[in-house]
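got a sequence here, can you build the structure:
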Amino acid sequence: MLERRLGILVGGGPAPGINSVIGAATIRACLSGYEVLGIYDGFKWLIEGNTSHVHPLTITETSRIHFRGGSHIGISRANPTKDPKHLARALESLHHHRITKLITIGGDDTAFSAHKLAEASNGSLSVLHVPKTIDNDLDLPPDIVTFGFQTARHIGVEIVKNLMVDAKTTSRWYFIVAMGRKAGHLALGIGKAAGATLTLIPEEFAPGLRLRTIVDTLAGAIIKRLAYGRQDGVAVLAEGLVEMLSEEDLAGLSGVERDAHGHIRIAEVNFGDIVKRAVQERLSELGIKLTVQAKDIGYEVRCADPIPFDMEYTRDLGYCAARYITEGGSSALVSIQDGRFRPIPFSQIMNPETGRMRVRMVDIESDRYKIARSYMLRLKAEDFQDESEIKRLAGTCNLSPEEFRKEFLPLVQQQKDTPPSLRDSRLPQSSSSSV
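Reported below is the predicted structural model:
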């Protein structure tokens, strides 16, 4: 009788709901007559040819793990596609355990590894990928979130809500850096839901972003807040802003390292502290002394126990993954659209130019973003068209209206929603009459 063995592994970073996928997939596969093996620590041991880090998964063991965060079988960022020998060893290790079907759980890098593994097996290994990331940046249909995102946002909002109270109580600002390697979905989702003073995401800037632009945007928001009698505020910054920085500014940051997939280890950059110091220096130049505290959130949210949305969602994903692969499906990404399971072939989600999975960015032309932007407190074009407002803002930092325009009008002129008349302005002179 043909052996029926299915392996499950998790790659990338943690996300709430991983255990729900593992549990549901295990139960469905076992009921279909398969023996299920949990592969510890992603591809880490497989690419070394080490076959000892596997564990039989049973219904009894996994039936209640969906309540918990983390990963029941560990996780790693080991990359089998970095070296052809690693890919070959991974296949050999899976064949050693007589695994003919593999479910991978992870983000875009793990999806790419799954795709390459399926190709390299020449049909001997069926591979299915379950998309996971709190960044919500996988190329799924616009209204389909990646699992873990809603829980991460929920926990993030709770953290920001508490910090907003602390900021008001102690008359200080918080700069909160939210995870999101390239896209700003998590930062925007947290900032918008919590009602943060402003949120900055990479999508609103062009590549080659200067650190000074970020600094002046934050300084301008602080000045505007002070002009109306508030010394407190909370700014949410997407960590993906780091990857948008100009090479000149990036070279000046300490601790810039890259992971096994070539991505900047943003968590090692201390981006929040760098921005905090730069903003305080900028404010000091303008005669403003203010307490600013930097805070990173990410590790606190990615292993949280999933909220009911992600528990249900991920159990559905795990069930569909096991059903599809045990019934002969392969080389696809699992998705649920309009309440129905829909496999997306790897060939459809890979960027033909890069060969890697496409990244879904925040659509800054969408109403969702425009509404968020309309509630943010930041310098806008109309501030420079209203003489009474410009005088109020300039007076906050002991500048004349002309001096304030010189300092901050270039920042506003970079914004896409700035009227052409002001974008092309050469620092208009002050008028004695109010507009």
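
mind listing the helices in the stretch 151-300 of the chain by residue range?
For the stretch 151-300 of the chain, the helices defined by DSSP state H, counting those that start in this stretch cover 185-194, 211-227, 241-244, 247-251, 271-285, 299-302.

any low-confidence regions in the protein?
Along the chain, segments meeting pLDDT under 70 span 1-2, 252-268, 416-435.

can we see that at 90?
Along the chain, the model assigns pLDDT under 90 to residues 1-3, 107-109, 138-143, 180-182, 243, 247-270, 298-299, 347-359, 412-435.

got the domain boundaries for it?
The record's domain parsing of the chain by automatic domain parsing lists 5-146+306-349, 150-303, 381-423.

so what's the residue nearest to Ser126 when sequence neighbours are not counted up against?
Excluding its sequence neighbours, the residue lying closest to Ser126 (Cβ to Cβ, 6 or more residues apart in numbering) is Ser330, at 3.7 Å. For every residue, glycine as well, the C-beta is placed using N, CA and C. Ser330 sits next to 101, 118, 126-128 when contact means Cβ atoms under 8 Å, 6 or more residues apart in numbering.

next up, phi/psi of Ser330, please.
phi -160, psi 170 (degrees, to the nearest 10).

measure it to Ile144 for me?
When distances are taken as Cβ to Cβ, to the nearest Å, Ser330 and Ile144 turn out to be 21 Å apart.

save the contacts of Ser330 as CSV, and put in neighbour count and distance to Val234 too.
As requested, those are arranged in CSV below (neighbours: other Cβ atoms under 10 Å; distance: Cβ to Cβ, whole Å):
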residue, neighbour count, distance to Val234
Lys101, 23, 47
Ala118, 22, 45
Ser126, 21, 48
Val127, 24, 43
Leu128, 27, 41
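
mark which of those residues are part of strands, please.
Residues of these located in strands (DSSP state E): 101, 126-128.

thinking again about what came up before, tell me which of the helices of the stretch 151-300 of the chain is the most buried.
Mean neighbour count, computed with mean count of other Cβ atoms under 10 Å, is highest for helix 185-194 among the helices of the stretch 151-300 of the chain, reaching a mean of 26.

what is that one packed up against?
Judged by 3 or more Cβ pairs under 8 Å, 6 or more residues apart in numbering; DSSP states H and E, the packing partners of helix 185-194 are helix 149-170, strand 173-178, strand 198-200, strand 233-238, helix 367-375.

try 6 Å
helix 149-170, strand 173-178, strand 198-200, strand 233-238 (3 or more Cβ pairs under 6 Å, 6 or more residues apart in numbering; DSSP states H and E).

output it as CSV, restricted to C-alpha atoms.
Extracted in CSV, the C-alpha atoms of helix 185-194 (Å, rounded to 0.1, in the frame of the first residue of the first chain):
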residue,chain,number,x,y,z
HIS,A,185,-0.8,48.1,6.3
LEU,A,186,-0.2,47.3,9.9
ALA,A,187,1.0,50.8,10.8
LEU,A,188,-2.0,52.4,9.1
GLY,A,189,-4.5,49.9,10.5
ILE,A,190,-3.2,50.6,14.0
GLY,A,191,-2.9,54.3,13.6
LYS,A,192,-6.3,54.8,12.0
ALA,A,193,-8.2,52.6,14.4
ALA,A,194,-6.6,54.1,17.5
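
helix 149-170 and that one, what's the angle between them?
50 degrees (axes from the mean of the first three to the mean of the last three Cα atoms, to 10 degrees).

re the thing from before, want to try JSON lines for the domains of the chain, with distance to Ile364 as columns?
Converted to JSON lines, the domains of the chain look like this (distance: least, Cβ to Cβ, whole Å):
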{"stretch": "domain 5-146+306-349", "distance to Ile364": "13"}
{"stretch": "domain 150-303", "distance to Ile364": "5"}
{"stretch": "domain 381-423", "distance to Ile364": "8"}
